[in-house]
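[1] Below are the sequence and a predicted model for it; my questions follow.
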Amino acid sequence: MIRLLRPFARAVTYTRWLHLFMAVVWPAMWLFIDQTWWTPATAAVVLGLSGLLPAMRTVEGLQARLLLLGRRRDGEAPLIVTEPSATWADRGRIVLWLEVRLVLGALVSHLTFQLPLVSLDLVQAALGSRPGGAWLSMPGHHWWYAVLAPLPLLLMAAVGWVGGELITRIALRLLGPSPTERLAALEERTEQLLERNRIARELHDSIGHALTVAVVQAGAARAAGDPQFTDRALAAIEETGRAALEDLERVLGVLREAERPVSGRPTLADAGRLLESARASGAEVDAELSGPLESVPGPISREGYRMLQESLTNVLRHAGAVPVRVRVAADDGRLVLEVRNPLPGAIPGPGRGSGLRGIRERASLLGGRAHTGPDAGDWHVHVELPVR
């Protein structure tokens with residue numbers, strides 16, 4: 001019993017009822033002009049033709065959102081759109097919506113006003129004051145007519161609730177996003193997810209590199225016990241930390257202003273900073289940079305910088321201060337990035353960390369390929385990217 005009464009404790013049940021009443025207000029005004037059959041027919045035709053106006057989709061969408069959906073959770077996808085009609089298919093759906101809303105609203109409104117009068121007739125018939133009611137003719141007068149009086153009121157409540165549920169389901173079909181709008185929303189959501197993944201990779205690469213350099217430098221300085229080496233280590237930690245803070249501030253700027261284009265990201269032209277940071281951490285870096293790196297397209301150059309950063313970070317993190325051979329070449333329509341260092345001790349299996357996975361994902365998204373793993377006693381990272 002409580003379950004049946006629960007819908008009537010929700011405000012949206014009554015706002016849906018109101019939405020159905022509002023559908024017949026304007027057509028009902030035409031009855032003051034003439035009460036012949038053509039009056040409601042003309043009102044229905046004029047109302048339907050108004051749906052061809054693009055703005056009607058906004059008007060009806062706002063009404064439906066406010067009165068039919070009730071309170072919604074933040075971040076929930078819009079079930080009813082409020083943008084103006086962009087295609088004739090959208091206009092056709094609005095025309096159909098207006099006609100369906102008018103018919104259903106007229107039916108619910110009529111029953112809502114008539115059923116209480118039936119209850120009144122039953123009560124009067126039970127009292128014997130009106131044996132034949134204005135809306136319901138009852139033979140004689142009996143006391144048990146009063147027992148039947150609540151039934152029309154219960155039926156009225158049921159009609160209002162069922163009508164509200166029905167008009168809401170119809171609104172979700174006719175006022176909801178079209179297939180084109182659903183596809184656009186899906187693409188936008190996909191772009192947001194890709195942007196979030198890119199930001200996560202950027203934080204992993206830049207902050208992870210800075211922390212790795214700081215840890216390696218601090219450990220080496222404590223083990224060396226040399227004041228001059230300690231000074232150099234602290235200077236390297238300071239420089240790496242400052243660069244990491246710049247990267248962090250830029251990424252946070254992207255989060256604050258999602259619509260603002262990203263600029264100022266480091267490219268392969270700034271690779272010297274990475275190499276010097278690795279050398280300051282004790283690694284013997286033998287670097288060979290060749291080709292017109294400054295002419296490499298921005299997206300490829302920026303992603304190449306991050307791949308090189310992650311590769312050097314892995315060297316410092318897992319191998320320590322070991323000789324590293326770095327080769328970056330731009331020639332013949334492609335960019336080749338190669339990092340090779342000796343494997344300490346036993347040769348591990350193929351890398352499955354998020355950093356190495358990020359290198360492969362970046363290369364794949366750019367139409368290139370990447371190999372990370374053991375090769376002839378060395379750990380080898382080899383990336384090839386098309387630059388045309």
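    Done, it's in. Quick caveat: nothing in here was measured; it's all calculated off a predicted structure.
[2] Longest helix in this protein, please.
    For the chain, the longest helix by residue count, based on DSSP state H, is helix 179-224.
[3] Return the distance of it from the chain's centre.
    19 Å (Cα atoms, centre = their mean, to the nearest Å).
[4] and if you look at stretch 83-99?
    The answer for stretch 83-99 is 25 Å, by Cα atoms, centre = their mean.
[5] what do you get for stretch 319-332?
    40 Å.
[6] buried residues in it?
    For stretch 319-332, the buried set under the neighbour-count rule, 16 or more other Cβ atoms under 10 Å, comprises 319, 322, 324, 325, 326, 328, 330. No exception for glycine: its C-beta is placed from N, CA and C like everyone else's.
[7] With distance to residue 162 and secondary structure as new columns, can the residues you listed be given to me in CSV?
    Output for the buried residues of stretch 319-332, formatted as CSV (distance: Cβ to Cβ, whole Å; DSSP: H, G, I helix; E, B strand; the rest coil):
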residue, distance to residue 162, secondary structure
319, 71, helix
322, 76, coil
324, 74, strand
325, 76, strand
326, 72, strand
328, 70, strand
330, 70, strand
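[8] Would you quantify the distance from residue 54 to residue 85?
    4 Å (Cβ to Cβ, to the nearest Å).
[9] Please say which of those two ends up with more neighbours.
    Legend: neighbour count by other Cβ atoms under 10 Å for residue 54 and residue 85, higher for residue 85 (21 against 15).
[10] Ramachandran angles for the more buried one?
    When quoted as degrees, to the nearest 10, the phi and psi of residue 85 stand at phi -60, psi 130.
[11] Contact partners for it?
    Residues in contact with residue 85 (Cβ atoms under 8 Å, 6 or more residues apart in numbering) are 53, 54, 56, 57, 91, 94.
[12] That one and residue 213, how far apart?
    Residue 85 sits at a distance of 57 Å from residue 213 (criterion: Cβ to Cβ).
[13] Common neighbours of residue 54 and residue 85, please.
    Residues touching both residue 54 and residue 85 comprise residue 91, with contact defined as Cβ under 8 Å, 6+ apart.
[14] on that earlier part again, I'd like the buried residues of stretch 319-332 laid out as a markdown table, including pLDDT.
    Formatted as a markdown table, the buried residues of stretch 319-332 follow (pLDDT from 0 to 100):
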| residue | pLDDT |
| --- | --- |
| 319 | 79 |
| 322 | 84 |
| 324 | 91 |
| 325 | 92 |
| 326 | 93 |
| 328 | 92 |
| 330 | 88 |
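[15] would TSV of these with distance to residue 295 be doable?
    Formatted as TSV, these follow (distance: Cβ to Cβ, whole Å):
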residue	distance to residue 295
319	33
322	33
324	26
325	24
326	20
328	13
330	7
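[16] closest to residue 339 among these?
    Nearest to residue 339 among the buried residues of stretch 319-332, counting by Cβ to Cβ, is residue 326 at 5.5 Å.
[17] Would you agree that closest one is in contact with residue 290?
    No - when contacts are counted by Cβ atoms under 8 Å, residue 326 is not listed as touching residue 290 (11.5 Å).
[18] Okay, domains of this protein per the record?
    2-177, 190-386 (automatic domain parsing).
[19] where among those is the average confidence lowest?
    In terms of average pLDDT, domain 190-386 trails the rest of the domains of the chain, at a mean of 77.
[20] With secondary structure and distance to residue 20 as extra columns, can I get the contacts of residue 85 in a markdown table?
    Listed next are the contacts of residue 85 as a markdown table, based on DSSP: H, G, I helix; E, B strand; the rest coil; distance: Cβ to Cβ, whole Å:
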| residue | secondary structure | distance to residue 20 |
| --- | --- | --- |
| 53 | coil | 22 |
| 54 | coil | 25 |
| 56 | helix | 18 |
| 57 | helix | 19 |
| 91 | helix | 23 |
| 94 | helix | 18 |
